[in-house]
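Participant: Just to be clear, the model below is a prediction. Sequence and coordinates:
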Amino acid sequence: MADKSAIEWTDATWSPVTGCDPISAGCKHCYAKREVEIRWSKNPKSEWFGRPFNDVRCHPEKLAGARSPLAWKRPRRIFVCPRADLFHEAVPFEFIAAVFAVMATANRHTYQVLTKRPYRMGEFFRWLEKRSAGANARYMSSYDYQAGVRARQKLRDEGKPSLDEPSPPTEIVRALYDIGAPAVNAVMDPSARFHHLRSLGQCHWMKWPLKHVWLGVSVEDQATADKRIPLLLQTPAAVRWVSAEPLLGPVDLGFGDQLGDDDDSSVGCYPCDSGGRRHEHYISETCGRGIDWVVVGGESGPKARPMQGDWARGLRDQCAAAGVPFLFKQWGEWIDADQADNEAKDALWRNRSHFEMRDAGLIANIPPKPPGPPHYACNYTIRIGKKAAGRLLDGVLHDEYPEVLP
Ligand code: SF4
């Protein structure tokens, strides 16, 4: 567990699983793979020593003890599995349940889980549902926690009788512990085990889905958004989020009232479902259902691909229209020329071997320096490095986080 993280949207990382393999274009220059291959696999002190990145391993020893969130007293935002995908096919469901049991117990923290394999995330929750006899299926498949809280709050604000709070699906939390706790206890200090077991006895008050666990998908373009976001929306989560990084193309989150007629569609807006029609959007101001947080970033690293400012602006504007928190993480190595500060551009101009530009979709080395003072057309994307590019979009720092409802 790393108590500090350079990732803008988190405080710490926890790696109960390490290793992964590429699944889509967004993985092409995977920073974790690069880091492992260049650095960690050559370090005899590292758990990566001699391992290829695609060697997926579960680490039960990190479920308890000093490297577990159970031992971490001060509340933190924790990015789970920064060098892996928790829902990778090689990770057994029993181990994922153990990871969730730890997250359920150490509930002073907020956990940020990100996957490119939401189909397997869905399979895990369906498997858990089957293992929890008598579980309330409403919570498992379609219940939207945030929308439910908002609906009850709205009724209260209007002075109308509030809907009864649905009873917590104790069976699911119990199943989670029944399956996951043995792996945690096996590595737990006996003196600490008592406390853990006491927590097990108290699981009846825990709500499902766990409100301090944020589940998200990583997307890079429209195709991956259309494939992964609908699956995320079918997954029980108190907070659902999308990380569009590295952003490689525009993404339309379908904001607006594009009503679909497909009654059987499993993708949709359940709170608005009473008319028998479902919205085919991922975020909306009209129903409050959908994605709760969007993070956008360009690619970094030696072979980084450029992100166009308009792609980021498109997501920023959709989030603003829908009232969804938006965080602009970084430009990455590249930045629209009109967004870079003059100092950085002048430095590049003086050393034009590093000056590349993208115009009309092409990436090319800039031709020999033309005579006269430098000029920068705004339709160029220039490579100035992640640090110099920074994280301002149109001069504004976007640093919003989802509201966590009680
Ligand atoms: S899913 Fe994530 S960790 Fe796995 S290869 Fe792709 S970018 Fe890397």
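Facilitator: It's in.
Participant: just the strands in the stretch 151-300 of the chain please.
Facilitator: Here the stretch 151-300 of the chain has its strands, by DSSP state E, counting those that start in this stretch, at 213-219, 239-244, 259-260, 278-279, 293-297.
Participant: weakest of those in terms of mean pLDDT?
Facilitator: Among those, strand 259-260 carries the lowest mean pLDDT, at a mean of 38.
Participant: mind putting the strands of the stretch 151-300 of the chain in TSV, distance to the ligand and mean neighbour count included?
Facilitator: For glycine as for every other residue, the C-beta is placed from the backbone atoms N, C-alpha and C. Shown next, in TSV, are the strands of the stretch 151-300 of the chain (distance: least, C-beta to the nearest ligand atom, whole Å; neighbours: other C-beta atoms under 10 Å):
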stretch	distance to the ligand	mean neighbour count
strand 213-219	7	25
strand 239-244	10	26
strand 259-260	30	14
strand 278-279	29	22
strand 293-297	13	25
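Participant: Stretch 26-37 near the ligand anywhere?
Facilitator: Yes - contact of stretch 26-37 with the ligand (C-beta under 6 Å from any ligand atom) involves C27, C30, A32, K33.
Participant: Need those residues in JSON lines (columns: pLDDT).
Facilitator: Output for these, formatted as JSON lines (pLDDT from 0 to 100):
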{"residue": "C27", "pLDDT": "97"}
{"residue": "C30", "pLDDT": "96"}
{"residue": "A32", "pLDDT": "95"}
{"residue": "K33", "pLDDT": "96"}
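Participant: Dump the strands of the stretch 151-300 of the chain to TSV, plus distance to W334.
Facilitator: TSV is the format used below for these (distance: least, C-beta to C-beta, whole Å):
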stretch	distance to W334
strand 213-219	19
strand 239-244	15
strand 259-260	36
strand 278-279	35
strand 293-297	11
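Participant: sorry, back to before: weed out the non-buried ones from the residues of stretch 26-37 next to the ligand.
Facilitator: Taking 16 or more other C-beta atoms under 10 Å as the criterion, what is buried in the residues of stretch 26-37 next to the ligand is C27, C30, A32, K33.
Participant: Show me which pair in those residues is furthest apart.
Facilitator: C27 and A32 (9.5 Å; C-beta to C-beta).
Participant: on that earlier part again, which one of the residues of stretch 26-37 next to the ligand is nearest to A6?
Facilitator: Checking those against A6 by C-beta to C-beta gives A32 as the nearest, at 12.9 Å.
Participant: Which positions in the protein make contact with the ligand?
Facilitator: So far as C-beta under 6 Å from any ligand atom goes, the chain lies against the ligand at C20, D21, P22, I23, C27, C30, A32, K33, D85, K116.
Participant: May I ask you to confirm that the last one is in contact with A225?
Facilitator: Read that as K116. No - look at K116 against A225 with C-beta atoms under 8 Å: they stay out of range, at 11.7 Å.
Participant: May I see the buried residues of stretch 72-79?
Facilitator: Across stretch 72-79, burial judged by 16+ other C-beta under 10 Å covers W72, R76, R77, I78, F79.
Participant: Could you report the distance from the first one to P236?
Facilitator: The one in question is W72. 25 Å (C-beta to C-beta, to the nearest Å).
Participant: Ok, the last one next?
Facilitator: When distance is defined by C-beta to C-beta, F79 is 21 Å away from P236.
Participant: ditto for the fourth one
Facilitator: Noted for I78: a distance of 20 Å to P236, by C-beta to C-beta.
Participant: Confirm that E343 sits in a strand.
Facilitator: No - assessed with DSSP: H, G, I helix; E, B strand; the rest coil, E343 is helix; it does not lie in a strand.
Participant: got the contact list for stretch 394-406?
Facilitator: Outside stretch 394-406, the residues within contact range by C-beta atoms under 8 Å, 6 or more residues apart in numbering are 8-9, 110, 145-146, 149-150, 211-212, 214, 238-239, 241, 292-293, 309, 313, 316, 325-328, 339, 391.
Participant: Dump the C-alpha coordinates for it into PDB.
Facilitator: Taking C-alpha atoms only, stretch 394-406 is exported to PDB below (Å, rounded to 0.1, in the frame of the first residue of the first chain):
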ATOM      1  CA  ASP A 394      -9.500  27.100 -20.900                       C
ATOM      2  CA  GLY A 395      -7.600  28.500 -17.900                       C
ATOM      3  CA  VAL A 396      -9.900  26.800 -15.400                       C
ATOM      4  CA  LEU A 397      -9.000  24.100 -12.900                       C
ATOM      5  CA  HIS A 398     -11.800  21.500 -12.900                       C
ATOM      6  CA  ASP A 399     -11.400  19.500  -9.700                       C
ATOM      7  CA  GLU A 400     -14.900  18.300  -8.700                       C
ATOM      8  CA  TYR A 401     -15.700  15.100  -6.800                       C
ATOM      9  CA  PRO A 402     -19.000  13.300  -6.400                       C
ATOM     10  CA  GLU A 403     -21.300  14.100  -3.600                       C
ATOM     11  CA  VAL A 404     -21.500  11.200  -1.200                       C
ATOM     12  CA  LEU A 405     -25.100  10.900   0.000                       C
ATOM     13  CA  PRO A 406     -25.800   9.600   3.500                       C
END
